[in-house]
Every structure is written in C-alpha cells, then in structure tokens.
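In: I would like to see how this sequence folds:
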Amino acid sequence: MGWWNHWSVLLQKKNEGHNVTVNGDRYRAMITNFFIPQLNNHDVQELWFQQDGATCHTARATIELLKDTFGDRLISRFGPVNLSPRSCDLTPYDYVLWGYVKSLVYADKPLTIDHLEDNIRRVIADIRPQMLEKVIENWTSRLDYLRASRGSPMPKIIFKM
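Out: Presented below is the predicted three-dimensional model:
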C-alpha cells in the first residue's frame, strides 16, 4: 500500500475510538468523502491515479468508482492500465517518498494514535514541492528506460535527490 493507504487505516476510527481495517466499503467512502473532494479543489484534469493490488482497491465497485473519476488514467490491478506488481522501477513514491516520510513520522517514536496523526499531518504538510518534482523526475526517467528496454528490469536502482 502507498503511504496514503497505510495511514488511512490509522485515521479511520469507529465512534468508539477503535482502529478499523480498511475494507472495500471504507476505502470507497474515503475516496468519495475525502479524496475526490480534495481533487475537486485543484486542476487535475490530467492526473493519473495508481494503487496496488490490495483486495479493497481492486473490488469491482472500487475500480468502477475510480474509472468514473480517472477514466483511462487509472493504474491498478483490474484497471485500464495494469499495475506491474512489486515494481520498484515504477513506484518511486513507495521506495523514496514513503521511506523519507516514514522516517520523519516515527522519529520521535509516537506512542498514541493522536501523536501519530499529528506527526503524519505535520510531515505531509512540510513536504516541499521540489522533493515531489524530484520524485516525478526519477519516475519519468524510469518510465523512459522501461519503455526503451521493453519492460526489462533496471540494472540499478538509482534515485537522484
């Protein structure tokens, strides 16, 4: 799962304050009630959405919801563009951005959900656009390599930051 999905598990709480597992219904509710309204506040006509093959992500109802929003710009198992499983060549956010964010979130060893949530919000808010640009530059150079090599794995994993 990507960083948003990992933390959505923590941020989704029942009224009693217990953590809950993200299933298809909860995942679609997060997309419908949080994610899509956030997208509507920005110009994202050409935005692509990528997710892994978790069951809640690939349920028929979830794929249909995401297709309604992203059309052919959905990279997912059972989506218009099939996700290459476990491809570090195509998922730099999992290997670079997630590692960076995770190290900062857990730096002070949060002991409560509230503390963890505060750290998550702070760290995400502090990500500089330059870092995201570098992640995208790395990703596009990887796509260029994979396209030229017809999908061969990259000989080295190199991230230029």
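In: how about the contacts made by Gly24?
Out: When contacts are counted by Cβ atoms under 8 Å, 6 or more residues apart in numbering, Gly24 touches Thr55, Cys56, Ala59, Ala61, Thr62. Every residue, glycine included, has its C-beta placed from N, CA and C.
In: a markdown table for those residues, including distance to Trp139?
Out: Conversion of those to a markdown table gives the following (distance: Cβ to Cβ, whole Å):
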| residue | distance to Trp139 |
| --- | --- |
| Thr55 | 26 |
| Cys56 | 25 |
| Ala59 | 27 |
| Ala61 | 29 |
| Thr62 | 24 |
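In: most neighbours out of those, which is it?
Out: Thr62 (22 neighbours; other Cβ atoms under 10 Å).
In: quick one: Leu104 from Ala61, how far?
Out: 35 Å (Cβ to Cβ, to the nearest Å).
In: same thing with Tyr145?
Out: 36 Å.
In: His42 and Phe35, how far apart?
Out: 12 Å.
In: looking at the two, which one has more neighbours?
Out: The neighbour comparison of His42 against Phe35 (other Cβ under 10 Å) goes to Phe35, with 16 against 8.
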